[in-house]
Structure formats: structure tokens, C-alpha cells
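> Pasting the sequence and the predicted coordinates here, then a few questions.
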Amino acid sequence: MGPNPEQIARLLEGREDDPFATLGVHPAAKGFTACVFLPDAVRVEACRLDGKAVGMLDRLHPEGLFFGRIAIRKRQPLRYRATYADGGEHALIDPYSFGPVLGPMDDYYFAEGSHARLFDKMGAHIMTHEGVEGTHFAVWAPNAQRVSVVGDFNRWDGRRAPMRRRQDAGIWEIFLPELGVGSAYKYEIVGPDGNVLPLKADPFAFRSELRPATASVVAAAPDHDWGDERHRDYWQKADPRREPVSVYEVHAGSWQRDDDGNFLCWDALAQRLIPYVVGMGFTHIEFLPISEFPYDPSWGYQTTGLYAPTARFGDPEGFARFVDGAHRAGVGVILDWVPAHFPTDAHGLARFDGTALYEHADPRKGFHPDWNTAIYNFGRREVAQYLVNNALFWAERYHVDGLRVDAVASMLYLDYSRKEGEWIPNSQGGRENVEAVDFLRQMNKALYGTHGGVMTIAEESTSWPKVSHPVHEGGLGFGFKWNMGFMHDTLRYLARDPVHRAHHHDDITFGLLYAFTENFVLALSHDEVVHGKASLLHKMPGDDWQKFATLRAYYTMMWGYPGKKLLFMGQEFAQRDEWSEARALDWHLLDHAPHRGVQLLLSDLNRLYRSRPALHARDCEPEGFDWVLVDAAADSVFAWVRRAPGVAPIVVISHFTPTLRHGYRMRLPSGGRWREIVNSDAVDYGGSGAGNMGIVVADEEGWANVTIPPLATLMLELEY
């Protein structure tokens, strides 16, 4: 018997939640029957895959539903030859004649929230199934009545490829034979209320269309031939707290553009950016988010495709080539990662199956007032698992060296940017988001437990304790934390007229009271040079000479201060204008000596920082730091010593008034000859050239007379 009228109606109206019960090959009293839906077809013949005809099918409905007995002895995939009213013919393999790809253990681990290989199972995967090549699709939509894969291959008709529902996990899957790389697709979902939702991009898409198009794209299986073993082996054995880490933060779309003002592809970026970073001496590149996102001015922080490198810069293989090229040149690659929130674009995760699936249903927990975005439901194990798998994915698939996790503070506090009555306390009545805490710990444990050499860095702007401490010690498990206090305090100090700085000495000294409570990264990031905040150069007061001198002194102080370093692109040559994502940096400024001087200083600081363990090997430990001069507020002078076992100590002396101080009396950590290894006032950097002729001599008790240039920082290294 064929399908009954109710089954036919459900199929033709797109309401069938179990299409495999009707379509495909089914055992009958004598042999097998076949049922297929081919709109506009007038004649259908069933064949084996080898082309042998096994039966003609009868048209049960004029819209294109066919059914009939077939002459086969065992269940097997079928190929249909369809004839259309215009005389055209088309042959296709029946997706409903294949068994499932996923198994019961996938259901079990997914439902448990412990599946660590979801990116091997979910999304679109090219594969050979039951002897046939094609693409397997899988998507989580537990509350949907029906889910279909749609694309040009089936005229975006949701009735043609409804998926099999796996009841235990709420996952829908289907294998579409002969569908290959490059096919654009989305999911058509019928929500629990019976309404068809806007077409959804695949949450696990590995490639996407170029905006403004929003479809997912079937991607080839990764086959990049990696040559970065030396780089990865080094970092797997290293303790990053005791390594030089100097990060160049980059927005890939505006670092440089091509001659026509267009984005550079990954290969062009590799040819330009990697040599530049190597030449400047940075150890790592950190990209603002490169996961697929719809809106350029969001800079990537409102992502709709966590698993897909954005199509703005070419195909995903291009990004793999970039990372490999960086590693071969000795440069690490860190990605900004955004698990805190996601945009509410109709094609994205918002109300994915017609319900609040990835986000909290209650807007007091599920909506972010600052960014008008949805907040992930961290307490839902499938959602936490989705995000944890994404962290693992970038480390495994693209060999990234680290994830800088965005907006951690917004995740940790239920009342973040909310007024009284606009948030829901936790079960203990507190403001801490214990679900987000559990997720972050789970993510860090999973990543550090499986990918040696990969680091996580928290952008966390509060005093939440133990952000960069191990989970087993009660910490969140991050490797590092951005030191937002250093950035805010020092920039506030330097924005003041030099005559007033004496009254705000603690803006510089206060940070050393907590400098070793976390593993800190000193970050001068993109957020500080946009939206009316001015470039770093123009944050400095005074005339042009004073601005450049103060900026050089600041950078040199920062490179001598405990903590790893991060600088946003353009600030290394004193970009004058604020950064804009809509255009390239002002590289023409390097035609002018003051800008070249700042750039030269930064490259020299990076090389010094990397070559001198005293400046990096104890960045995160208090035994690597001591004050030399902490109370010279009247002179706006600061001095400290940096140490590491078995190497010469280095004294850092910073001075933030425009006065030249000859014979300044201070006690260095020991007597002897101290070589001046950096002077930010050097003529080569655009300074006045004041200094100590290369050497400062201290008596047996360490007392020395030091010439301190105006608005300058010196570094002195003891000669052994």
C-alpha cells in the first residue's frame, strides 16, 4: 500500500516531521516499494545505482508524488530518472533510501553535553555514505515541527529535503547524495506553532557567503599540509608566563587595502602583514573577530557564524595558509572570540527553532542592553557544548595559538549594565552568573587539557578574583587577563598637563600593588582609539614635540613594566587620526621623521623585550620586580628594577615632565657600570638626544648621578 491521504497532505504541505517513514525504500509484502517527491515531474523510473531499471512509479498526486513497487532483493540506495512536462530529463539519487549517519552514542553524548567532536558531526560534511559521495547535514532544533535543507539544488523548496529527526537529541540529519563543495544552503524550519521561520544559516557552517548574502556554503574537508611543527612544539613545551609575548592587534579589514580600496585576501595579508610583524619584532598577531558576521561596523563582535572564517578575506583554506605562514615565520596567531552574546539577525541563532534555544527566554538574562544582542544560555548544556566545541575547533582545525575572550565581565555578572529590577539574582540571591562561570571553567579545562601550547586571555574589566588561576584552585582557568586598570590609570595620568602630574603620582604606582595577582597582559587596544577617544598620540598634551616625546616615554615604560604587551595597529607609528574600520591605516605618515622614530623605537623595544629575560621571564611573578624610586612625585619620576634568575637586572626610569634633569641622584640596586640600553629621547627616535653617553656608574652602595631627559624613559642594564 502507498501513503495514505493524510501522509500525502503532510508531505505536500511541508508538515511532515518524519519524511523517512513515507519517502524512500520500504519493505512490502512482496519485495520493496519506493516513494519520491519530485515536483513538476510527469514520469519517474526507479533504478539501481548501476543504472539497471527496477520499476516505474505511479504518480499519486499531480504536484509530483510518485509511488510503486520495485524489483530489488535488499534495501539499497536508488537512482530516479525523472521526465518533466517540457521533455527535460533529470537523474538523481534518492536521499531517503539511505540510513542515518549519526549513531546512538552521538545522541547520548550530545544530550549529556559532553560531546567533544561536534564539529565532526554537525553542520555540512562531504563524505561517502553507503558507497555514494555526497553531503551530510545535521542541525539541532529540538522544538521544530520540521527542518529541511534548502538551496539552489532544490529550488529552496522545503518540501524537497525534509530531514530525519533524532528524537533523543533533538538533532535533524539528512544525507544528500551527489551534493558537493560550494553549494549554498540554509535550513527551513517550521516552529512549534506551525509557522515557517525565516531561513536560517547553519550554526556549524564552516564557510559562508560573502555579505550581504547570508547562506552557508558546503566546504571541502580540511586538507592543508601544515608545516608549523617547530612553532607548535616550542609553545607546547613553553610556560607562556615566562616567555616574551608582544601582541600586534589587527583589524584584518583595515590594516591595509588593495589599490582599489578593497579588502586584502588572506594570501595578500600574509605577504604583507607577516613580514611586517616579524620586522617589528612582535611575537603574536591578534585578530579582531574573523568568524562570519553580517555588519562591517561591528568589527566582527556580532558574529553569526562561529565556525566559519568570514568570506570577506577569501575561503577558509586561505586562513589556514595564513596561520601556517605566520607559524613558519615564528609568529603566533590569536583570535578575538565572542561567546558572550550574538546578534538577533533573522538568519542567525535568535529563536532558532521558533523558541529561545541558544539564548535565555527571559530578557533579563537573555538580552544585552549595551549591544542590543542576545545572550547565550550558558546553563543549557547543549549551548555550552556548542561554544566549548568552537574553542576546540579553532585550535584543532586552524592551529590558532590562543583565544582572547571578549566581554568576560558581561558574562560574569547578572546585573552587568542593568538597573535594579532589570536582572534576576542567582539561586543564592547574588549577582554572579554561576552558569557563565561554569561554562568558562569548562571551556578552559577542555582547551588546556587537549591543546598544549594554546593560551586563553580574558578581557575582564573588574576585580573578579582568580581569573587567570587554574580551575582546581578556584580560578576561572584563563592563561592571562587584560590589565584594564593599567590602561585606564596610565592614560588618565598622561592626559594631564605635566604640571599637574605630581599630584597624581599614584596613577602609575597603584597598579604595582596588584600587578602579580593575575597573569596580566598590558593592552592598548582598539577600544582606546575610536568613538571620540582620539589616537594615543593625541591623548598626550602639549605641542607636537611633547606629544611624540610623551608617547615614546609611555611605550618604553610599558615595555619595562611587568606584564605581557599588546598594541593596536597604527599606534606603533603614532597614527594621528582615530581608527576607522572603513579605511586603511595612514601609512603615508611614515614619510615623516617623528612617526618613523616611534616605529623604530617600538621595533627596538620588542627586540629588547624578547632578548632580555629580565624584561619578560618574571612578568607574572613578584620576585621579578622591585621599586628603585617610588616617591619622587614632585619630579614625576618613577624607577624600578626588573630581574630574572641568572641574568643581568635592568632598571627602568620614567620621567614625565619636560624638564631636563642633570645629575639626578638615585640609588640603583647595586654598584657598578649600568649600560644605557634604551633611551626614548634618542635622536634616532626623534628626541633631543639627552642622556648618559651610554653608561651610568654607581658607587659601591649603588648611588649614581643620572641624566634624565625630558618626557623620556631610560633602561639601564648592569654590566657583569
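It's in.
> Does the closest residue to D401 other than its chain neighbours have any beta-bridge partners, and if so which?
In space, and not counting its chain neighbours, D401 is closest to G332: 3.6 Å by CB to CB, 6 or more residues apart in numbering. Just so you know, the C-beta spots here come from the backbone N, C-alpha and C atoms, and that holds for glycine as well. Counting by DSSP bridges, G332 forms beta bridges with H284.
> Please report how far R596 lies from T128.
Applying CB to CB, to the nearest Å, the value for R596 to T128 is 58 Å.
> who has more neighbours, these two?
R596 (17 against 9; other CB atoms under 10 Å).
> Tell me who's in contact with that one.
If you count contacts by CB atoms under 8 Å, 6 or more residues apart in numbering, R596 has them with 573, 590, 686.
> The residue nearest to D401 reaches H284, doesn't it?
Yes: the pair G332 and H284 qualifies as a contact (CB atoms under 8 Å) at a distance of 4.1 Å.
> what residues are shared contacts of these two?
With CB under 8 Å, 6+ apart, G332 and H284 have common neighbours 401-402.
> more neighbours, these two?
Here G332 and H284 are compared on neighbour count by other CB under 10 Å; more neighbours surround G332, at 26 against 22.
> what's the residue closest to the geometric middle of this structure?
W337 (2.8 Å; CA atoms, centre = their mean).
> How about the secondary structure of R59?
strand (DSSP: H, G, I helix; E, B strand; the rest coil).
> tell me, how many neighbours does it end up with?
Applying other CB under 10 Å, we find 16 residues neighbouring R59.
> per-residue pLDDT, the nearest residue to it once chain neighbours are set aside?
In space, and not counting its chain neighbours, R59 is closest to F66: 5.5 Å by CB to CB, 6+ apart. pLDDT, F66: 95.
> Neighbouring strands of the helix or strand F66 falls within in the sheet, and parallel or not?
According to DSSP states H and E, F66 maps onto strand 65-70. Counting by DSSP bridges, the strands paired with strand 65-70 are strand 31-37 (antiparallel), strand 53-61 (antiparallel).
> For D106, find the nearest of those.
strand 31-37 (27.4 Å; CB to CB).
> Spit out the contact partners of the closest residue to A21 other than its chain neighbours.
Leaving out its chain neighbours, the residue that sits closest to A21 by CB to CB, 6+ apart is Q7, at 7.9 Å. Shown in contact with Q7 (CB under 8 Å, 6+ apart): 16, 21-22.
> Any of the residues you listed buried? List them.
16, 22 (16 or more other CB atoms under 10 Å).
> so which of the contacts of Q7 comes closest to F393?
Nearest member of those to F393, counting by CB to CB, is E16, at 33.0 Å.
> any chance of the contacts of Q7 in TSV, with pLDDT too?
Shown next, in TSV, are the contacts of Q7 (pLDDT from 0 to 100):
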residue	pLDDT
E16	84
A21	91
T22	92
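> Could you say which helix or strand holds the closest residue in space to S417 that isn't next to it in sequence?
Closest residue to S417 apart from its sequence neighbours, by CB to CB, 6+ apart: D370 at 5.0 Å. Using DSSP H and E, D370 falls within no helix or strand.
> Where does R441 sit: helix, strand or coil?
helix.
> What does the pLDDT read for the residue nearest to it when sequence neighbours are not counted?
Closest residue to R441 apart from its sequence neighbours, by CB to CB, 6+ apart: V471 at 4.7 Å. Looking at V471, its pLDDT stands at 97.
> From what I see, V471 and K445 are in contact.
Yes: contact criterion CB under 8 Å: V471 and K445 qualify, at 5.5 Å.
> roughly how far apart are the closest residue in space to N390 that isn't next to it in sequence and A409?
Spatial nearest neighbour of N390, excluding adjacent residues (CB to CB, 6+ apart): L306 at 4.8 Å. L306 sits 21 Å away from A409, going by CB to CB.
> quick one, which of the two is more surrounded?
L306 (24 against 17).
> my read is that one is in a strand, agree?
Yes: the assignment for L306 is a strand, going by three-state DSSP.
> Pull the contacting residues for it.
Counted by CB under 8 Å, 6+ apart, L306 has contacts 203, 291, 338, 386-387, 390.
> how about the helices in the stretch 551-700 of the chain?
For the stretch 551-700 of the chain, applying DSSP state H, counting those that start in this stretch gives helices covering 593-611.
> what ranges do the strands span in it?
564-568, 625-632, 637-642, 650-655, 661-667, 672-679, 695-698 (DSSP state E, counting those that start in this stretch).
> I'd like the average pLDDT over the first one.
Meaning strand 564-568. Mean per-residue pLDDT for strand 564-568: 98.
> swap in the fifth one?
Throughout strand 661-667, pLDDT has a mean value of 97.
> which neighbours does it have in its sheet, and in what orientation?
Sheet pairing for strand 661-667, assigned by DSSP bridges, gives strand 703-708 (antiparallel).
> can you check the shortest one too?
With DSSP bridges as the test, strand 695-698 is paired with strand 672-679 (antiparallel).
> outside of the partner strand, which residues touch it?
Contact partners of strand 672-679, identified using CB under 8 Å, 6+ apart, comprise 556, 604-605, 608, 612, 650-651, 668, 687, 691-692, 694-698, 704, 709, 712-719.
> returning to that earlier point: how about the strands of the stretch 551-700 of the chain in a markdown table, adding distance to A116?
Formatted as a markdown table, the strands of the stretch 551-700 of the chain follow (distance: least, CB to CB, whole Å):
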| stretch | distance to A116 |
| --- | --- |
| strand 564-568 | 29 |
| strand 625-632 | 40 |
| strand 637-642 | 41 |
| strand 650-655 | 44 |
| strand 661-667 | 56 |
| strand 672-679 | 47 |
| strand 695-698 | 56 |
